[in-house]
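K.L.:
would you be able to build a 3D model of this:
(chains A and B)
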2 protein chains.
Amino acid sequence: MSDGAALTEDAVVHTVLSIDAMGGDLGPTSVVAGLSKAAAKNPQLRFIVHGNRPEIERLIAKKRGLAEICEIRHAEGVVTMDAKPSHVMRNGKDTSMWSTIEAVRAGEASVAVSCGNTGALMAISTIRLRRLEGVNRPAIACLWPSRNPSGFNVMLDVGADIRADAEDLLQYALMGASYARNGLDLPRPRIGLLNVGTEEHKGKAELKVAADLIARAAPAADFEFVGFVEGGDLPSDRVDVIVTDGFTGNIALKTGEGTARMIRERLSEAFKKTPFSRIAALLAYTSLRRLIKRIDPRRVNGGVFLGLNGTVVKSHGSADATGVAAAINLAAQLSATGFHKRLAARIAQSEAAASLAIQKEELPQ
Amino acid sequence: MSDGAALTEDAVVHTVLSIDAMGGDLGPTSVVAGLSKAAAKNPQLRFIVHGNRPEIERLIAKKRGLAEICEIRHAEGVVTMDAKPSHVMRNGKDTSMWSTIEAVRAGEASVAVSCGNTGALMAISTIRLRRLEGVNRPAIACLWPSRNPSGFNVMLDVGADIRADAEDLLQYALMGASYARNGLDLPRPRIGLLNVGTEEHKGKAELKVAADLIARAAPAADFEFVGFVEGGDLPSDRVDVIVTDGFTGNIALKTGEGTARMIRERLSEAFKKTPFSRIAALLAYTSLRRLIKRIDPRRVNGGVFLGLNGTVVKSHGSADATGVAAAINLAAQLSATGFHKRLAARIAQSEAAASLAIQKEELPQ
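P.N.:
Modelled structure (predicted):
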């Protein structure tokens, strides 16, 4: 089941990540706090930190031992949350986000992490790292809490592009399978295509074409296709990778997060209600902490850009130290498993098989 | 703020609902149990119950006082969950679902309730009750747990049709506003249009056309348009009615339900984990019960078909007695407020204003 491509010695000795310190809603304070938190648990981490040097130096100096493992690269500009991606592509060369991606492009770091504007990050990543051979549309994959043994499913695309045709959805299936293999250690992931109603005659006609393509690519690409899945299957254990277009995926992602957040708030309210419930909260402290941790969206923070020559992890714009640390841990794991090279190899190989499947059928585009 | 149309004397004295006893996943047992549960709390309820007479008679006889308030109408056929709507439209005249809708058409009952196949129920409702003057596409609206004072938002369409153009979305806004006025007692509901990213330049182009239409109709139709909302806003208190196409709405609905269900399961697991947490669960019993009640999808069970000459409540296919009772309570409330006549009056009035707005702009279709 190996995806080939040996790890470089560098990646084994220490993991270098390229970090955009600016651009998130909470600014460099929460990014630096996240670096410190992640580094405390993983001594192999090294960071190239991009942004306003004086500000970052001051923040890093406050955290013991952090200065020794960080190299700061000054960048004058910041990509704001409401900047237009097209504007950033033309005028963003002096920004911390651009500099963050450049370090991956130059091979100085294995994975980039940013809390900034998603559209701009995808735009810069696409023009600087370029698409993998055989990929039309890059996608953003996220981890979704589920009843699976690993505790997660993968869903993609959750917002790289608002449209996807049948061939794009096939590529998402291939990329998602590779991510599940490397990120979740699943040798033969189960892929599902998101639709309404699981019966044959329901749902969008274009999704039937995609289902056909994915089913035909499954044997050669070494995944199992379980067919259509519904919104209710997202947290289920009947599927490992959920494939959908970026509009639907983004709505589903934010709906799930919003629902979990509301329940978490109500849970803490419930335990403050009466003296009894306050005592109860103390008694159930460990169990409750475990539960709240499991449903905490910050713990699964980090969308991964797939389909580029390099790995980019997009952290939530509003990520605090815990959220940033989660994104960094994910980046470190993907770096350690040599994910990027494995994905590229897998896409190249599957692409050949899939192209054959597509040609055989002469599907309408 | 009155929507006009005085309540009929009949509706004040007792509320007659037309109930499809067959077709749900759990069969007539859970439907009859739900009738009994709802009737116990609301002495004004009367039921016309459609389905297999011997079976229903036997079940009703077991519940004290229920036989006195039920009239049974025998129907030979049952619409199965996997039946094709087109087949049911041609061959479904002998089914309990058809008979259930007929009672509303004939004016014998004010609202119909069924746990059956959604597509078939929408198809029968549309051909027998027909569309309201001025409505192109009927929609299914659901209640969504939120931070609003009422505890709910309205979302539509959640699955009547997988497509909706800009004019359809405008009609959903009008119908949703009327539902929020009558179902949630909100004189001037806030309407939001579901999209990805709330910034102007994000999201689908066709949604910008719809946003324009809805904004222009708002003053005459007496609602506030808050613009685009995201998946994370569904449980929020910044909006009362969320408008979207039936594909996206259905995915969001099922994602939210699935997330809530998973958290509920984990909550009960967490409280069975250790002796301490078992004692804690006892101490926090009331608070927890309240919480679980609030996040229980069965408590908000009932999608309402809007845009037809008659009100139809679609209960979950897998609804148990609690779920069926929730759907019946909702039907009773809509019947009591004279919702159907108010909606029709409102649509007729708003439609005129909206047509003007559309004509003024000569929007591309």
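
K.L.:
check which helices and strands the host helix or strand of residue A:170 sits against.
P.N.:
Using DSSP states H and E, residue A:170 sits within helix A:166-183. In terms of contacts (3 or more C-beta pairs under 8 Å, 6 or more residues apart in numbering or on different chains; DSSP states H and E), helix A:166-183 is packed against strand A:139-145, strand A:152-156, strand A:190-194, helix A:205-221, strand A:241-243, strand A:303-306, helix A:321-336, helix A:339-361. Heads up, the C-betas are built off the backbone N, CA and C, glycines and all.

K.L.:
packing partners of the fourth one?
P.N.:
Contacts defined by 3+ C-beta pairs under 8 Å, 6+ apart place helix A:205-221 against helix A:166-183, strand A:190-194, strand A:224-229, helix A:339-361.

K.L.:
mean pLDDT for those: which is lowest?
P.N.:
The weakest mean pLDDT among these belongs to helix A:339-361, with a mean of 69.

K.L.:
list the contacts of the residue of the stretch 51-200 of chain A found nearest chain B.
P.N.:
Chain B sits closest to residue A:196 of the stretch 51-200 of chain A, with a gap of 4.3 Å, by C-beta to the nearest C-beta. The contact partners of residue A:196, by C-beta atoms under 8 Å, 6 or more residues apart in numbering or on different chains, come to A:202, A:203, A:230, B:159, B:162, B:246, B:247, B:250, B:251.

K.L.:
same thing with residue A:231?
P.N.:
A:194, A:252, B:250, B:251, B:252, B:253, B:254, B:255, B:256, B:257, B:258.

K.L.:
helices - which of those land there?
P.N.:
A:252, B:250, B:251, B:252, B:253, B:254, B:255, B:256, B:257, B:258 (DSSP state H).

K.L.:
who's in contact with residue A:48?
P.N.:
For residue A:48, counting by C-beta under 8 Å, 6+ apart, the contacting residues are A:16, A:17, A:18, A:19, A:70, A:71, A:73, A:103, A:108, A:109.

K.L.:
same question, residue A:160
P.N.:
A:122, A:137, A:138, A:139, A:140, A:246, A:305.

K.L.:
now it: which helix or strand?
P.N.:
Judged by DSSP H and E, residue A:160 forms part of no helix or strand.

K.L.:
for it, report the pLDDT, please.
P.N.:
pLDDT, read off for residue A:160, is 86.

K.L.:
residue A:121 is in contact with residue A:312, isn't it?
P.N.:
Yes: using C-beta atoms under 8 Å, residue A:121 is in contact with residue A:312, at 6.8 Å.

K.L.:
what's the overlap in contacts for the two?
P.N.:
A:101, A:114, A:305.

K.L.:
top of those residues by neighbour count?
P.N.:
Sorting these by how many neighbours each has (other C-beta atoms under 10 Å in any protein chain shown) puts residue A:114 first, at 30 neighbours.

K.L.:
ramachandran coordinates for that one?
P.N.:
Per-residue torsions, residue A:114: phi -140, psi 140 (degrees, to the nearest 10).

K.L.:
partner residues bridging it?
P.N.:
For residue A:114, the beta-bridge partners under DSSP bridges are residue A:314.

K.L.:
hang on, the earlier thing: turn the shared contacts of residue A:121 and residue A:312 into a markdown table, including pLDDT and distance to residue A:349.
P.N.:
Listed next are these as a markdown table, based on pLDDT from 0 to 100; distance: C-beta to C-beta, whole Å:
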| residue | pLDDT | distance to residue A:349 |
| --- | --- | --- |
| A:101 | 97 | 27 |
| A:114 | 95 | 30 |
| A:305 | 93 | 21 |
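
K.L.:
residue A:53 and residue A:71, how far apart?
P.N.:
For residue A:53, the distance to residue A:71 equals 11 Å [C-beta to C-beta, to the nearest Å].

K.L.:
and for residue A:324?
P.N.:
In terms of C-beta to C-beta, residue A:324 sits 18 Å off from residue A:71.

K.L.:
do the same with residue A:22
P.N.:
Taken as C-beta to C-beta, the span from residue A:22 to residue A:71 is 16 Å.

K.L.:
name the residue in these two with the higher neighbour count.
P.N.:
Neighbours were counted for residue A:22 and for residue A:71 using other C-beta under 10 Å; residue A:22 has more, 26 against 15.

K.L.:
secondary structure element holding that one?
P.N.:
Counting by DSSP H and E, residue A:22 is found in no helix or strand.

K.L.:
phi first, then psi, for it.
P.N.:
Backbone torsions for residue A:22, taken as degrees, to the nearest 10, come to phi -110, psi 180.

K.L.:
right, and it touches residue A:28 too?
P.N.:
Yes: between residue A:22 and residue A:28 there is a contact under C-beta under 8 Å: 6.1 Å.
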